[in-house]
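Peer 1: dropping the sequence and predicted coords here.
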Amino acid sequence: MRNAVNLLILTWLLVCLALLCGGLAVTLAPGEMVWAWPVPGGAASAALWTRPVALALAVVAALLLAIAVNFAKTGGRARPWAELVLYFGGLFGFVWWVLGPGLPGPAQWIAGGVLLLAAAWLKFRLRRPRPAPPPARTWLWADALLILAPVAVGLALGHRPEGPSVWVSLLFYPLYAGVQLLVFLVVPADRLQILRATPRVAAAACAGLFALIHWPNPVVMLITALAMALWAAQYRRGRPLWQLALVMGLAATTTTQFLPDSATRHMRVGPRYVRQETTRQYADAYPTHSRVPVDIFLAEVFAPCVGRAPSEAEIAALDQTLDAAARPVTAWHFFISTEYGMKADGRGLPPSPHPDQPWTTLSPEWQARIRDLALRGAPLDWPDYIAFLYEEVLGRSAAPAEIAGWPPALNWSRRKQVTEALLNWRLAHGPRQPVAITSADLLLVQ
C-alpha cells in the first residue's frame, strides 16, 4: 500500500520534471542551456546532453504513468492523483513551453489566469476538515529563523537593503505568497492526504514540487525546498494559510532585500532567469567599460545563441544593422554631453535631455531631431558620421583623436542587447532560418 502511494507521487513529480526538461530541450539555445541544465563543459556539452536527458525522462515518465494508472484505480485514489498530474503537468508545460523569457503578452496572461482559477477550483472542490492548530508560539522559533537568518547573513556580509523596495515588498509579497501557497501547498497537500501519503513523504513531495518551479536558480531552489518542507508539515498540523502567507512574505522580503543579488539573483527563476543570465554572461565576457569590435563579438556569440555557425552574408548584414542602430544612439550621446549642455544656453538650443532617459522615450521633438541626424548621416562611413555630429551638434570640427574615441564597437549594454536579439530570433524562427535582424529588433538605446 505505502509503496503504491509512493509510486504515484514519484510518477507525478517525474511528469513535472520531464515536461520541464522537454521545454529546456525544445525552446532554449545552446548558450542558454548552460544556465538551465547543470552539465559541465559549456554550451556545446549542454546542447549535447540536454535533449537525450529530456527524452530519457519522458520515456521513464510515460512508463511509470502506464504502471501507476493501475494502482490509482483502487482506494479512491484515481481522481486526486489525476488532478495532481494534469494540473501541475499543465503548469510546468505552460512555464517552460509557452511563457517564454520576455514579459508576458495577452495570451500568456490569459493562460496564467486560467491556471490560477483552476487552482482555486481545485482548492474549493476538495474541502477537508482541518485539525485544530497548536498555539501560535509553537511555530515562533521556526518563523524567526526563516525571517531573521537572511538579515543576519546580509548584515554580516555588509549588504544593506534599499528602503523603498523593502516597504513595497513587505506590503505586497504576503499577497503573492498566499497565491503561491494556494497552488503549491494547499492543492497538492490536500490530495496527498487523500492518497494516504505519510507526513514526511507529503512534506518532501511539496518541497520537491516547489523547488522544481524555481528551476534553475540553485540557491532559490534550496531555500524554497527547505522552507516548503517546513510549511507543509505545519499546514498538515492545522496552521492557517494566512499565517503561512505572512511568514513566507516576510521571509521572502528579507531574503531578497538583505542577501546580495550575486547570491540569489534577486530570486529570479524560470525562462526569464535563464535569458537574463545568458545575456549577462556574454556581455560580461569582456571588461565592463570596454568596447568590442562587432565582428569579434558576433564570432563569439552567434553560434551559442542561434545554434549554428554564421554565414558571411549574415555577419555582413548584422554589421550593417548594428551600424544603423548605433547612429541615433550616438547622436543622443552627443546631445547629453557636457559640451553640448554648456553651449546650449548661449546658442539658444534646446537643453540637454536627461542622461538617464533613453532616446526612444524622449519627447517626439527630440526623437525627430535625433532621427533626422541619423538619416542625414546615413550615407557617410563611421568616422565621417562622427565628424558630421561634431559639426551639427557641437558646432565645431573634430580632431582625429576625438573621432577615434567613438569606435564602431559594442559597449556592455549593446553586447547584452545583441545577445538578446539573436536569442529572440532563434526562439521565433528556429536555428535554420537565416538571421535577418532589423534595427527595431535591436532597440539600442544606450
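Peer 2: Received, thanks. Numbers count the residues shown, from 1 in each chain.
Peer 1: ok, His333 to Asp441 distance?
Peer 2: Per C-beta to C-beta, to the nearest Å, His333 is found 21 Å from Asp441. Yep, even glycine has a C-beta here, placed from its N, CA and C like the rest.
Peer 1: likewise Gly76?
Peer 2: Going from Gly76 to Asp441 by C-beta to C-beta gives 55 Å.
Peer 1: neighbour count for those two, which is higher?
Peer 2: The neighbour comparison of Gly76 against Asp441 (other C-beta atoms under 10 Å) goes to Asp441, with 18 against 12.
Peer 1: correct me, but that one touches Asn424?
Peer 2: Yes: using C-beta atoms under 8 Å, Asp441 makes contact with Asn424 at a distance of 7.1 Å.
Peer 1: what are the contacting residues of the helix or strand that Pro164 is a member of?
Peer 2: Element membership of Pro164, judged by DSSP states H and E, is helix 163-181. Surrounding helix 163-181, the residues in contact under the criterion C-beta atoms under 8 Å, 6 or more residues apart in numbering are 116, 231, 241-242, 244-246, 248-250, 252-253, 256-257.
Peer 1: show me which residues of it are buried.
Peer 2: Using 16 or more other C-beta atoms under 10 Å as the test for burial, helix 163-181 gives 169, 173-174, 177-178, 180-181.
Peer 1: once you drop chain neighbours, what's closest to His266?
Peer 2: Leaving out its chain neighbours, the residue that sits closest to His266 by C-beta to C-beta, 6 or more residues apart in numbering is Thr256, at 5.9 Å.
Peer 1: correction: Leu19
Peer 2: Using C-beta to C-beta, 6+ apart, the closest residue to Leu19 is Phe92 (4.4 Å).
Peer 1: for the helix-or-strand element of the chain with minimal mean pLDDT, name the packing helices and strands.
Peer 2: In the chain, no helix or strand scores lower on mean pLDDT, DSSP states H and E than helix 439-442, which sits at a mean of 74. The contact analysis (3 or more C-beta pairs under 8 Å, 6 or more residues apart in numbering; DSSP states H and E) places helix 439-442 against helix 312-335, helix 412-429.
Peer 1: could you pull out the strands for this protein?
Peer 2: 292-293, 409-410 (DSSP state E).
Peer 1: which among these is found nearest to Ala398?
Peer 2: strand 409-410 (17.7 Å; C-beta to C-beta).
Peer 1: what about the helix holding Pro164, distance to the chain center?
Peer 2: Chain-centre distance of helix 163-181: 19 Å, with C-alpha atoms, centre = their mean, to the nearest Å.
Peer 1: average pLDDT across that helix?
Peer 2: Averaging pLDDT along helix 163-181 gives 84.
Peer 1: can you check stretch 16-23 too?
Peer 2: For stretch 16-23, the mean pLDDT works out to 95.
Peer 1: surely Val301 touches Leu422?
Peer 2: Yes: the criterion here is C-beta under 8 Å, and Val301 meets it with Leu422 at 6.6 Å.
Peer 1: so for Pro101, which of the helices and strands packed on helix 439-442 sits nearest?
Peer 2: Closest among the helices and strands packed on helix 439-442, using C-beta to C-beta: helix 412-429, at 7.6 Å.
Peer 1: what's that closest one packed up against?
Peer 2: helix 270-283, helix 294-306, helix 312-335, helix 439-442.
Peer 1: what comes up buried for the third one?
Peer 2: I take that to be helix 312-335. Residues of helix 312-335 classed as buried: 314-315, 317-318, 321-323, 325-335 (neighbour count, 16+ other C-beta under 10 Å).
Peer 1: what does the first one give?
Peer 2: Using 16+ other C-beta under 10 Å as the test for burial, helix 270-283 gives 270-271, 273-283.
Peer 1: number of nearby residues for Leu244?
Peer 2: 25.
Peer 1: kindly indicate which of the buried residues of helix 270-283 lies nearest Ala374.
Peer 2: The closest of those, once distances to Ala374 are taken by C-beta to C-beta, is Ala283, at 24.1 Å.
Peer 1: which residues are in contact with the closest one?
Peer 2: Applying C-beta under 8 Å, 6+ apart to Ala283 gives the contacts 412-413, 415-416, 419.
Peer 1: so what's the residue count around Ala25?
Peer 2: Residues near Ala25, counting by other C-beta under 10 Å: 21.
Peer 1: leaving out sequence neighbours, find the closest residue to it.
Peer 2: Ala54 (4.0 Å).
Peer 1: need the contact list for the one you found.
Peer 2: Applying C-beta under 8 Å, 6+ apart to Ala54 gives the contacts 18, 21-22, 24-25.
Peer 1: before we move on, the earlier item: dump the helices and strands packed on helix 412-429 to CSV, plus distance to Pro400.
Peer 2: Converted to CSV, the helices and strands packed on helix 412-429 look like this (distance: least, C-beta to C-beta, whole Å):
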stretch, distance to Pro400
helix 270-283, 30
helix 294-306, 22
helix 312-335, 17
helix 439-442, 28
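Peer 1: Ala398 is nearest to which of those helices?
Peer 2: Here helix 312-335 is closest among the helices and strands packed on helix 412-429 (C-beta to C-beta), at 10.7 Å.
Peer 1: in the protein, where is pLDDT below threshold?
Peer 2: Scanning the chain for pLDDT under 70 picks out the ranges 1-2, 38-44, 163, 443-446.
Peer 1: max-length helix in it?
Peer 2: The residue-count maximum for a helix in the chain (DSSP state H) belongs to helix 42-72.
Peer 1: run the chain-centre distance for it.
Peer 2: 24 Å.
Peer 1: then stretch 147-158?
Peer 2: That offset, for stretch 147-158, works out to 25 Å (C-alpha atoms, centre = their mean).
Peer 1: and Trp359, what does it touch?
Peer 2: 328-329, 331-332, 353, 366-367, 370, 445.
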